[in-house]
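Asker: Fold the following for me, if possible:
(one chain, ligands or ions: 3)
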Amino acid sequence: MTQFTEGIVTKSTGSWYQVLDPETGQQIRCRIRGVFRLRGSRTTNPVVVGDRVRVETGNADGESVITEILPRRNYIIRRASNLSKESHIIAANIDVAYLVVTLDRPVTSTEFIDRFLVTAEAYRVPTVLVLNKIDLFAAPEYREMIDEFIDTYRGAGYETLEVSATTGIGVDDLRERMRGKTSLFTGHSGVGKSTLINAIQPGLGLKTGAISDYHHKGKHTTTFSEIFPLDGGGLLIDTPGIKGFGLIDIAPDELARYFPDLFRRAPECQYYNCTHTHEPNCAVMAAVARGEIAESRYVSYLKMLEDDDKEGKYRK
Ligand SMILES: Nc1nc2c(ncn2[C@@H]2O[C@H](COP(=O)(O)OP(=O)(O)O)[C@@H](O)[C@H]2O)c(=O)[nH]1
Ligand SMILES: [Mg+2]
Ligand SMILES: [Zn+2]
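Answerer: Ligands and ions are numbered 1, 2, ... in the order given. Next up is the predicted model:
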């Protein structure tokens, strides 16, 4: 007999989907109806992890089918690849995104971080920065570099946590924060997302290090985002490493609004439509000159505007 259930998509491979029934804890293997493929034509993936969906089970052929996607509260979207016009939604219905970054091995550039933060602002996803591998920077000569990083992002209004997945610094705190919430882990390949998740919830046994790095080097990544229910309540989304972060649907005259540290100053600019690039009496440029806005943040802003000029690369 055909029945309907509501659930959360916990894995999406493109050809089949896994849906968690929160009431029974059961994972249901599903297909989707072709109609979703058409409707989501601009994104490479119509159904994403974190989606709340309706599922039809108990069909005569034994196959469960996702029949409806409930409206998304928010999501993280990026350009599918450098030259592509298509977009890719990483996950939906996120309480907190944890952007895992490292200052070395690998280096996470401030431009990458700022691109992610702009998207998260635009699509209303609260983001916390997780500075992992802090154990590599225990020597006093690194303190200044770390403080500068933390000041930059705290100054912009973002919580920034110092963490070491391998020595356990900050892991209990993270686990507590994630209780009862849907959390997303994202960042470059190799920053320690899987190691961190294994530390937060021992027993998951996610692959880490060389093996997963190898997969991420290919043109087409062979791994997919996946959600893990947490023992303390809540859901954790692990994502494959991302190399770049192409912006989607953000117009140049809107861009500054997604830099909270810049936008705070904009009302004091002489011109209401100031682009903060060349105008006289620009309060944003003045704040950068006084060191009240981190230079790296302003440089990211300019680069994103510039990319936009070039054939609208990061728009549309
Ligand atoms: N020194 C140090 N190494 C770490 C830390 N976290 C992860 N690693 C190492 O970084 C490599 C990549 O980790 P992995 O979890 O696979 O990264 P992912 O690609 O982001 O999932 C592995 O060799 C880990 O052992 C950390 O806090 N400190
Ligand atoms: Mg990993
Ligand atoms: Zn201005």
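
Asker: so Asp173 touches Leu161, yeah?
Answerer: Yes - taking CB atoms under 8 Å as the definition, Asp173 is a contact partner of Leu161 at 6.9 Å. Glycine gets a C-beta too; all of them are placed from N, C-alpha and C.

Asker: higher neighbour count, these two?
Answerer: Using other CB atoms under 10 Å, the more surrounded residue of Asp173 and Leu161 is Leu161, with 18 against 12.

Asker: How about the helix or strand harbouring the more buried one and ligand 1, touching?
Answerer: For Leu161, the element it lies in under DSSP states H and E is strand 160-162. No - Strand 160-162 does not reach ligand 1 (CB under 6 Å from any ligand atom); its nearest approach is 10.3 Å.

Asker: Average pLDDT for that strand, rounded please.
Answerer: Strand 160-162 shows a mean pLDDT of 97.

Asker: Now for Thr2, how many residues are close by?
Answerer: Using other CB under 10 Å: Thr2 sits among 9 other residues.

Asker: do Met1 as well
Answerer: 6.

Asker: For the spatially closest residue to Tyr271 that is not a sequence neighbour, which residues are in contact?
Answerer: Spatial nearest neighbour of Tyr271, excluding adjacent residues (CB to CB, 6 or more residues apart in numbering): Glu279 at 5.5 Å. Listed by CB atoms under 8 Å, 6 or more residues apart in numbering, the contact set of Glu279 reads 269-271.

Asker: Using JSON lines, please lay out these together with distance to ligand 1 and secondary structure.
Answerer: As requested, those are exported to JSON lines (distance: CB to the nearest ligand atom, whole Å; DSSP: H, G, I helix; E, B strand; the rest coil):
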{"residue": "Cys269", "distance to ligand 1": "40", "secondary structure": "coil"}
{"residue": "Gln270", "distance to ligand 1": "45", "secondary structure": "coil"}
{"residue": "Tyr271", "distance to ligand 1": "43", "secondary structure": "coil"}
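
Asker: of those residues, closest to ligand 2?
Answerer: Ligand 2 has its nearest neighbour among these in Cys269, at 42.7 Å by CB to the ion.

Asker: Hmm, the closest one is touching Thr277, no?
Answerer: No - using CB under 8 Å, Cys269 is not in contact with Thr277; the gap is 11.2 Å.

Asker: Output stretch 247-262 as CSV, nothing but the C-alphas.
Answerer: The C-alpha coordinates for stretch 247-262 follow below in CSV (Å, rounded to 0.1, in the frame of the first residue of the first chain):
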residue,chain,number,x,y,z
LEU,A,247,29.4,33.7,-6.4
ILE,A,248,25.9,33.3,-7.8
ASP,A,249,23.3,35.9,-8.2
ILE,A,250,24.9,38.8,-6.4
ALA,A,251,24.8,42.1,-8.2
PRO,A,252,27.8,44.5,-7.9
ASP,A,253,25.7,47.2,-6.2
GLU,A,254,24.6,44.7,-3.6
LEU,A,255,28.0,43.2,-2.9
ALA,A,256,29.0,45.6,0.0
ARG,A,257,25.9,44.7,1.9
TYR,A,258,27.3,41.2,2.3
PHE,A,259,30.5,42.5,4.0
PRO,A,260,29.1,43.5,7.4
ASP,A,261,32.3,45.3,8.3
LEU,A,262,32.1,47.5,5.1
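
Asker: which helices and strands does whatever helix or strand comes next after the strand holding Leu161 pack with?
Answerer: As assigned by DSSP H and E, the chain's next helix or strand after strand 160-162 is helix 171-178. Counting contacts by 3 or more CB pairs under 8 Å, 6 or more residues apart in numbering; DSSP states H and E, helix 171-178 packs against strand 96-101, helix 193-200.

Asker: For Val9, what is the enclosing helix or strand?
Answerer: In the assignment (DSSP H and E), Val9 maps to strand 3-12.

Asker: what does the very next helix or strand once past that strand contact?
Answerer: Using DSSP H and E, the helix or strand that follows strand 3-12 towards the C-terminus is strand 17-20. Outside strand 17-20, the residues that touch it by CB under 8 Å, 6+ apart are 5, 7-12, 26-32, 47, 53, 55, 64, 66, 227, 229.
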